[in-house]
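Asker: Next one to model:
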Amino acid sequence: MNINIKNSELKKGEEKWFKLEFNNLHNELTARIVYLYKTINLAIIIWVVFILAFFAMVILDTDKKIIYSFLLVVPIVIDLVAFVYQTNQNSLESIPRYFHLIIKPRLDKKYSRDMLQWERFFAKEKWPFRLESITKVLPFILPSIIPIYLLVEKYPLENYQTIIAWVDILLLVVVLENFRYKLRRVK
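Answerer: Below is the predicted model of the structure:
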């Protein structure tokens, strides 16, 4: 086994590692972004199905207790989809954090200059669209208005429905807490 590796061989190996690492992370980012938007689309489709089902129940003069139960299940289903979205988003955001904390310092040291300046450029370009970023999460949060509304307006809920409403609100708190990752991410 030859331990004496030439400096040029080491540089070639390091460059090969950087390229492989970049390509792997790029592929991971691409796959996660596709999955992220599929999750958002799923939440919107679920919304549409629930709205259509609600109006069908009203038109068919379904018992109000069944309608209330149905309306209280909607936020739970959407919250479960939100947890999938949040898990994927956290993983997605860890890739740029890895670039920033691991890859970038090595590149800066290797090339003696600030590398990956695209981070600042992208942050500057993204700033005007920050409202759009917030609206991505609305399909996950809006259904939680339903149990709050039913409780505040004192709709005649059965005991089990009141419990479901409070579970909905608890899940909303968890979803909101999980969305705080946007405050912790690398800019």
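
Asker: Whatever helix or strand residue 168 lives in packs against which elements?
Answerer: Secondary-structure assignment from DSSP states H and E places residue 168 in helix 159-178. Other helices and strands packing on helix 159-178, by 3 or more CB pairs under 8 Å, 6 or more residues apart in numbering; DSSP states H and E, are helix 64-98, helix 138-141, helix 145-152. Glycine gets a C-beta too; all of them are placed from N, C-alpha and C.

Asker: Nearest to residue 14 among these would be which one?
Answerer: The closest approach between residue 14 and any of the helices and strands packed on helix 159-178, judged by CB to CB, belongs to helix 64-98 at 17.2 Å.

Asker: what separates that closest one from the chain centre, distance-wise?
Answerer: With CA atoms, centre = their mean, to the nearest Å as the basis, helix 64-98 stands 9 Å off its chain's centre.

Asker: coming back round to it: lowest-confidence stretch among the helices and strands packed on helix 159-178?
Answerer: When mean pLDDT is averaged over each of the helices and strands packed on helix 159-178, helix 138-141 scores lowest at a mean of 82.

Asker: In it, which residues are buried?
Answerer: By 16 or more other CB atoms under 10 Å, the buried positions in helix 138-141 come out as 139, 140, 141.

Asker: One more: stretch 69-81?
Answerer: Buried residues in stretch 69-81, defined by neighbour count with 16+ other CB under 10 Å: 71, 72, 74, 75, 78, 79, 81.

Asker: I'd like the distance from the helix with the most length in the chain to the chain centre, please.
Answerer: Ranked by residue count and defined by DSSP state H, the top helix of the chain is helix 7-59. Once both centres are worked out by CA atoms, centre = their mean, helix 7-59 turns out to sit 10 Å from its chain's centre.

Asker: So which other helices or strands are in contact with that helix?
Answerer: Under the contact definition 3+ CB pairs under 8 Å, 6+ apart, helix 7-59 sits against helix 64-98, helix 138-141.

Asker: May I see the ones you listed organised as TSV, with distance to residue 41 added?
Answerer: What follows is those, written out as TSV (distance: least, CB to CB, whole Å):
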stretch	distance to residue 41
helix 64-98	10
helix 138-141	9
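
Asker: got the contact list for residue 53?
Answerer: residue 70 (CB atoms under 8 Å, 6 or more residues apart in numbering).
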